[in-house]
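Asker: pasting the structure only:
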């Protein structure tokens with residue numbers, strides 16, 4: 001799917017671009033793909049359908065752009081220690097979930113999986129897989145037991161955010177550290193030597 005950046009013509013208004021993507025994400029999360037219309041998105045963004053169509057050919061292309069916009073901040077590339085790196089990746093994932101309607105959008109994409117599998121594939125490719133790869137690399141570099149199933153552990157850590165969201169209202173600020181500490185406790189400093197009289 002191409003996007004608006006590849007289209008010829010006069011420069012676009014970045015503020016309007018953001019308004020369109022924000023309106024589309026909100027509509028997608030609230031009403032789902034089938035009930036989301038370009039007319040409603042254009043109205044919410046304060047523009048017209050022709051203006052919207054100059055940026056996106058159809059609804060699928062608009063939703064693809066929404067998915068790309070959900071990654072507000074890229075995952076960190078490194079950190080002082082493997083555990084710190086793993087924690088930073090999970091915190092980044094949590095921050096992006098809070099900053100965008102990612103979970104509502106994901107629900108809509110799962111509903112449409114049979115009709116539009118390419119959209120869920122795009123979500124996996126742009127949002128999920130980069131974090132999985134980085135997190136697995138950080139876990140692999142750590143001092144975890146060699147028998148640990150890294151694929152299962154990666155899924156458990158990332159999946160815990162989704163599970164927490166659907167079972168208990170809200171994800172605590174310290175959730176990333178709490179869930180990582182279950183399988184990878186932070187290193188403790190050695191106790192100071194006893195004071196000699």
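Answerer: Structure received. Values in this document were obtained by computation on a predicted structure and should not be read as measured data.
Asker: residues touching residue 134, list them.
Answerer: Going by Cβ atoms under 8 Å, 6 or more residues apart in numbering, residue 134 touches 75-77, 85, 89. Placement of C-beta: from N, CA and C, glycine included.
Asker: if I pick the spatially most central residue of the chain, what's in contact with it?
Answerer: Central residue of the chain (Cα atoms, centre = their mean): residue 127, 4.8 Å from the mean position. Contact analysis of residue 127 by Cβ under 8 Å, 6+ apart lists 67, 70-71, 96, 102.
Asker: thinking again about what came up before, who wins on neighbours among the contacts of residue 134?
Answerer: residue 89 (29 neighbours; other Cβ atoms under 10 Å).
Asker: If you count neighbours, what's buried in stretch 107-127?
Answerer: Neighbour counts using 16 or more other Cβ atoms under 10 Å place 108-109, 112, 116, 119-120, 122-123, 127 of stretch 107-127 among the buried residues.
Asker: mind checking the SS state of residue 113?
Answerer: Following DSSP: H, G, I helix; E, B strand; the rest coil, the label given to residue 113 is coil.
Asker: ok, and the closest non-adjacent residue to it?
Answerer: With sequence-adjacent residues excluded and distances taken as Cβ to Cβ, 6 or more residues apart in numbering, residue 113 is closest to residue 120, at 5.1 Å.
Asker: Just after the helix or strand hosting the one you found, pick out the following helix or strand.
Answerer: Per DSSP states H and E: residue 120 is located in helix 117-123. On the C-terminal side of helix 117-123, the closest following helix or strand by DSSP H and E is helix 129-140.
Asker: what does stretch 38-51 rub up against?
Answerer: Identification of contacts with stretch 38-51 by Cβ under 8 Å, 6+ apart yields 16, 19-20, 22-24, 26-27, 52-53, 58-59, 62.
Asker: and it, what's its mean pLDDT?
Answerer: What stretch 38-51 shows for mean pLDDT is 96.
Asker: how about it: buried residues?
Answerer: In terms of neighbour count (16+ other Cβ under 10 Å), stretch 38-51 has its buried residues at 38, 40-42, 45, 47.
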